[in-house]
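Asks: Give me coordinates for this.
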Amino acid sequence: MDIGDISIHELKRVDLKGATIIDGFPSVGLVSSIAANYLIKVLNLEHVGIMDSEYFPTVSLIRDSKPLSPVRIYAGEKGRRGDRIVAFISEFQPPASLIRPIAHSLVKWAIEQRCKMIVSPEGLVVDPELRDTADISDVVFGIASTPGARELLKENNIRTFEEGVISGVAGVLLNEGRKRDFNVVTLLAEAHPDFPDAKAAALVLEAIDRILLGIEFDAKPLFEESQRIEDHIREIQKQAVVRKDSKEAPRPSMYG
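Replies: So this is what the prediction gives:
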């Protein structure tokens, strides 16, 4: 399947009818990256596909002696309820010109696969005056693209995000979901923008657990996971950066 410069390749055919997709494209405080990585690990999700573009970084991520694409798709069963969960995950920030095609292709693929929902974990930028204090809110906010998804948030006591801006892939997903009458939910927690925020990711994951998973969720390992992700992304940045004296064309920048 191709939309513009984006393609999705399935490495393994999986029945995803009724599945929920987790948007793991990095966000403020790497909330989405931490959340998606943690779910992949806890739920033992299987690598089933990739998203690709000629404009994605020209790198291969090596893990356990296996090459991995910059944008990967994982899938598996979720918690006690037995439905499937899918996670799209990337360490890289797509070029601005590809944000809309990425979101469009993700929603189109979700509809083709008969998935029921896309969930975007997101961080809200903390007021600079509060970043070094204990006054950061532990409230998770939600916004949804359809009346049914908004009712789901209400049923699970997720406070409505009433006014503001959601940018990047998550923002376009919301708009595309409303246009196509497809369920897209963004869950937001206040996060530090300058480093991986494990607390914010844990808060959002607890909301995801409440809405979707129904498992006994332990957020404590997230602090260790946050440091691992930070170290991992910094290493990728060092390997992928173009030297100032290089004549190569600039590569897309990365989150972190």
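Asks: Can you tell me which helices and strands the helix or strand encompassing residue 103 packs against?
Replies: Using DSSP states H and E, residue 103 sits within helix 96-112. In terms of contacts (3 or more C-beta pairs under 8 Å, 6 or more residues apart in numbering; DSSP states H and E), helix 96-112 is packed against strand 2-3, strand 6-10, strand 20-24, strand 46-52, strand 117-125, helix 168-180. C-betas here are computed from N, CA, C, even on glycine.
Asks: Please work out the average pLDDT along that helix.
Replies: Averaging pLDDT along helix 96-112 yields 93.
Asks: That helix: how far from the chain's middle?
Replies: A distance of 13 Å separates the centroid of the chain from that of helix 96-112, by C-alpha atoms, centre = their mean, to the nearest Å.
Asks: One more: stretch 29-42?
Replies: On C-alpha atoms, centre = their mean, the centre of stretch 29-42 falls 7 Å from that of its chain.
Asks: same question, stretch 53-65
Replies: Using C-alpha atoms, centre = their mean, the distance between the centre of stretch 53-65 and that of its chain works out at 18 Å.
Asks: Repeat that for stretch 58-75.
Replies: 16 Å.
Asks: What of stretch 49-65?
Replies: With C-alpha atoms, centre = their mean, you get 16 Å for stretch 49-65.
Asks: residues in contact with that stretch?
Replies: Residues outside stretch 49-65 that contact it (C-beta atoms under 8 Å, 6 or more residues apart in numbering): 5-12, 67-73, 88, 90-92, 94-95, 97-98, 101-102, 105-106, 236, 239-240, 251-252, 254.
Asks: Recalculate using a threshold of 6 Å.
Replies: Stretch 49-65 is contacted from outside by 5-11, 67-73, 92, 95, 98, 240, 251-252, using C-beta atoms under 6 Å, 6 or more residues apart in numbering.
Asks: separation between the residue nearest to residue 90 when sequence neighbours are not counted and residue 93?
Replies: Residue nearest to residue 90 in three dimensions, not counting chain neighbours: residue 71, with 4.3 Å by C-beta to C-beta, 6 or more residues apart in numbering. Per C-beta to C-beta, to the nearest Å, residue 71 is found 11 Å from residue 93.
Asks: related to what we said a few turns ago, how many neighbours does the residue nearest to residue 90 have?
Replies: For residue 71, the tally of surrounding residues (other C-beta atoms under 10 Å) stands at 23.
Asks: go on, residue 76?
Replies: 17.
Asks: Point out where the stretch 51-200 of the chain drops to low pLDDT.
Replies: Scanning the stretch 51-200 of the chain for pLDDT under 70 picks out the ranges 78-82, 126-136.
Asks: In CSV, list the C-alpha atoms belonging to the host helix or strand of residue 154.
Replies: Using DSSP H and E, residue 154 falls within helix 147-155. Output of helix 147-155 as CSV, limited to C-alpha atoms (Å, rounded to 0.1, in the frame of the first residue of the first chain):
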residue,chain,number,x,y,z
PRO,A,147,-18.6,10.9,19.6
GLY,A,148,-18.2,7.2,20.4
ALA,A,149,-14.5,7.7,21.3
ARG,A,150,-15.4,10.8,23.4
GLU,A,151,-17.9,8.6,25.3
LEU,A,152,-15.2,6.1,25.9
LEU,A,153,-13.1,8.8,27.5
LYS,A,154,-16.0,10.0,29.6
GLU,A,155,-16.8,6.4,30.8
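Asks: Show me what that helix is packed against.
Replies: Helices and strands touching helix 147-155, by 3 or more C-beta pairs under 6 Å, 6 or more residues apart in numbering; DSSP states H and E, are strand 141-144.
Asks: Specify the local secondary structure of residue 211.
Replies: helix (DSSP: H, G, I helix; E, B strand; the rest coil).
Asks: Leaving out sequence neighbours, find the closest residue to it.
Replies: Nearest non-adjacent residue to residue 211, counting by C-beta to C-beta, 6+ apart: residue 156, 5.1 Å away.
Asks: Residue 185 versus the one you found, what's the distance?
Replies: 10 Å.
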